[in-house]
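Colleague: Here you go, sequence then predicted model.
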Amino acid sequence: MTGTAAVPTTAVRTKGPGDELAGTGALLRLALRRDRVLIPVWAIALGGLVASGAGTLEKVYTTAAQRADVASSMSGNGSLRALYGPVFGDSPGALTAWRFGGFGCVLAAVMSLLIVVRHTREEEETGRQELLSSAMVGRRAPLTSALLAAFVANAAVASIVTAGLAKSTGNTAGSAALGLTIGAIGMLFAAMAAIMAQLTESARLAKGLTGAVLGAAFLLRAAGDTATRDASSVLDHLSPLGWAENVRPYAGERWWVLLLVVATALAQGAVAYVLAGRRDIGMSFVPPRPGPAEGRITSAYGLAWRLQRGGVLGWAVGFALAGLLFGRMADGAAALVGDNARTREIIQRMGGQSGLTDAFLATMVGMLGMVAALYAVSSVLRLHGEETGGRAEPVLAASVGRVRWAAGHLVIAFGGAALIMTAGGLGLAAGHGGDAGPLLGAALVQLPAIWTLSGLAVLLYAAFPRLAPGALGVVSLCLALGWIGPALNLPAAVLDVSPFGHLPKLPGAGMAWPPVLLLTALAAVLTGAGVGALRRRDVVG
């Protein structure tokens, strides 16, 4: 009897939702290992800064009467509300939420967007994600691990803020409200960065677009707080940073506003997940526009301009609008401060000992300069992205040398900083009225400090490529010193760590050429040393 040979069958398994997330744990461990320095430094620096705020402010305002006086004067000053937001109470905790809350939210947002883009779009740009996805890695696992890494970082910040302030203020509810608000805003912008990483094919563009949303949120919040004393303006309601203010830590917490922030972050995360499931690795929904290498694009300078022109023009428009807004605020600065000595002292420490209006304008110019340094340094670091992404090697394989290639991007970085500061100065002049010359000159005086930080970025990129992203951390430190240092009565020696601390406080103060020339020379030395180091090292393929 002859039997029939059995035909082997293979069971067909239906693809389940778990397959989309396969490998998430391994990718998360890899992300946390790669960020084992970045995340702790951000969490400790940011969380520790906010957590120490109550104790620091108690040393500055030693009595309840002083705290009540500063809360009253700040609440009535539209110019300072635009910078720091409204004051909802005069307790040490409420003053901490006013002075450090908005700053903490902005830095948490920056930290989160850097983490998410680093582990999504940057991985695809460098080709590492394609290698990882050849193993058992689900389609949505990279996005999930990036968001979880951002969650770990924001949870650490929130925990440090909550624990530190609860110990110093004794108010657990207010401390938790502030800590959770900062963490939730960070996750909201992490989800926003996740969406941008799906829409664009460039990590730089994803960071830039998310940063533009953050800048727009700040301007909406500033304009809304100028109009009202209690963050009830429609413009505040349109800004996530305005939502953060309306949580009101230490002043009758509004927990439902915090739930709104969380719900928005979850909704954005859902959008990012949908987009991630509908594209291939390395692709995007808004692909770069192809074009032949004709005309100006045949040179290294033309290529650099083609790659960075969108960012330069976007920053210039943003600075013009910000300058216009701040210029309009300056007219009421003297009247709103009145005879309050403490408020006058803070503005004059930031903007110089000239008239109060000029001091306020000098303060705004300085803030624009420190933010412009973020553009300049990130533009310099475009070299690092081009190299690690493998796009520099084909250019250098032709007749273009390293110096010419680098010079093309550096011209855009240094020259772009001059362009956006010019736009900011003209915006200030248009908003304030009168002769544009002094305000334009005040804006351009910021360039030596901006170029010094840019030169440091060039040197780090060329000599120590792995430390190159740390240049953005240096700029963040300078921004923190300029934003909160004067209000905390930090010693001049600490404030002078920032190159911006050495510049003349224009308009109003006399022009001081020695520090301007020294900083310009230092910028030239750092940049030259960086270009020299680039010529001597290997290029990453």
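Modeller: Alright, I've got the coordinates. Numbering: from 1, shown residues only.
Colleague: Excluding covalently adjacent residues, which one is nearest to residue 150?
Modeller: Excluding the flanking residues, the one nearest residue 150 by Cβ to Cβ, 6 or more residues apart in numbering is residue 190, at 3.9 Å. For glycine as for every other residue, the C-beta is placed from the backbone atoms N, C-alpha and C.
Colleague: Quick check: which element contains the residue most central in space within the chain?
Modeller: Centroid check for the chain by Cα atoms, centre = their mean gives residue 110 as the closest residue, at 4.1 Å. Per DSSP states H and E, residue 110 falls inside helix 92-118.
Colleague: list the helices and strands the helix or strand following that helix packs on?
Modeller: The helix or strand immediately downstream of helix 92-118 is helix 121-126, counting by DSSP H and E. With contacts defined as 3 or more Cβ pairs under 8 Å, 6 or more residues apart in numbering; DSSP states H and E, helix 121-126 has these neighbours: helix 128-133, helix 203-227, helix 382-388.
Colleague: other SSEs contacting the helix or strand containing residue 245?
Modeller: For residue 245, the element it lies in under DSSP H and E is helix 240-246. Applying 3+ Cβ pairs under 8 Å, 6+ apart, we find helix 240-246 packed against helix 92-118, helix 172-199, helix 203-227, helix 234-237, helix 255-276.
Colleague: just flag whichever of those has the lowest average confidence.
Modeller: Note on those: lowest mean pLDDT is at helix 203-227, with a mean of 85.
Colleague: where does this structure have low pLDDT?
Modeller: The model of the chain has pLDDT under 70 over residues 1-18, 76-80, 135, 282, 284, 287-298, 331-356, 485-489, 540-541.
Colleague: can you rerun that using 50?
Modeller: Residues of the chain meeting the criterion pLDDT under 50: 1-15, 293, 338, 352, 541.
Colleague: Now do the strands in it.
Modeller: With DSSP state E, there are no strands along the chain.
Colleague: how about residue 207, what does it touch?
Modeller: By Cβ atoms under 8 Å, 6 or more residues apart in numbering, the residues touching residue 207 are 113-114, 117, 193, 196, 378.
Colleague: and if you look at residue 110?
Modeller: Going by Cβ under 8 Å, 6+ apart, residue 110 touches 189, 211, 214, 476.
Colleague: Quick check: the third one vs residue 330, distance?
Modeller: By that I understand residue 214. Relative to residue 330, residue 214 is positioned 24 Å away (Cβ to Cβ, to the nearest Å).
Colleague: pretty sure the residue nearest to residue 150 contacts residue 147?
Modeller: Yes. If you go by Cβ atoms under 8 Å, residue 190 and residue 147 touch, sitting 6.1 Å apart.
Colleague: For the two, indicate the residue with more neighbours.
Modeller: Per other Cβ atoms under 10 Å, whichever of residue 190 and residue 147 has more neighbours is residue 190, with 31 against 25.
Colleague: Could you export stretch 131-138 as CSV, keeping only the C-alpha atoms?
Modeller: Provided in CSV are the C-alpha atoms of stretch 131-138 (Å, rounded to 0.1, in the frame of the first residue of the first chain):
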residue,chain,number,x,y,z
LEU,A,131,20.9,48.9,9.5
LEU,A,132,19.0,48.5,12.8
SER,A,133,15.7,47.9,10.9
SER,A,134,17.2,45.0,9.0
ALA,A,135,16.9,43.1,12.3
MET,A,136,13.7,42.4,14.3
VAL,A,137,12.6,46.1,14.6
GLY,A,138,9.1,47.2,14.1
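Colleague: for it, which positions count as buried?
Modeller: 132-133, 137-138 (16 or more other Cβ atoms under 10 Å).
Colleague: Closest one of those residues to residue 461?
Modeller: Proximity of the buried residues of stretch 131-138 to residue 461 was ranked by Cβ to Cβ; the top entry is residue 132 with 25.7 Å.
Colleague: which non-adjacent residue is nearest that closest one?
Modeller: The nearest residue in space to residue 132 (Cβ to Cβ, 6+ apart) is residue 27, at 7.1 Å.
Colleague: Next one: the residue nearest to the centre of the chain from residue 186, what distance?
Modeller: Here residue 110 is placed at a distance of 9 Å from residue 186 (Cβ to Cβ).
Colleague: ditto for residue 443
Modeller: Separation of residue 443 from residue 186 (Cβ to Cβ): 31 Å.
Colleague: And residue 416, by the same measure?
Modeller: Look at residue 416 and residue 186: by Cβ to Cβ, they are 28 Å apart.
Colleague: next one: residue 460
Modeller: Counting by Cβ to Cβ, the gap from residue 460 to residue 186 is 26 Å.
Colleague: try residue 497
Modeller: Distance of residue 497 to residue 186, given as Cβ to Cβ: 26 Å.
Colleague: Those two: which is more packed in?
Modeller: The neighbour comparison of residue 497 against residue 186 (other Cβ under 10 Å) goes to residue 186, with 31 against 14.
Colleague: Tell me who's in contact with the more buried one.
Modeller: 105, 108-109, 111-112, 150, 153-154, 157.
Colleague: And residue 276, by the same measure?
Modeller: Residue 276 sits in contact with 139-140, 143, 194, 198, where contact means Cβ under 8 Å, 6+ apart.
Colleague: Tell me how many other residues crowd residue 229.
Modeller: Per other Cβ under 10 Å, the neighbour tally for residue 229 reads 17.
Colleague: these two touch, right, it and residue 75?
Modeller: Yes. Between residue 229 and residue 75 there is a contact at 5.5 Å, judged by Cβ under 8 Å.
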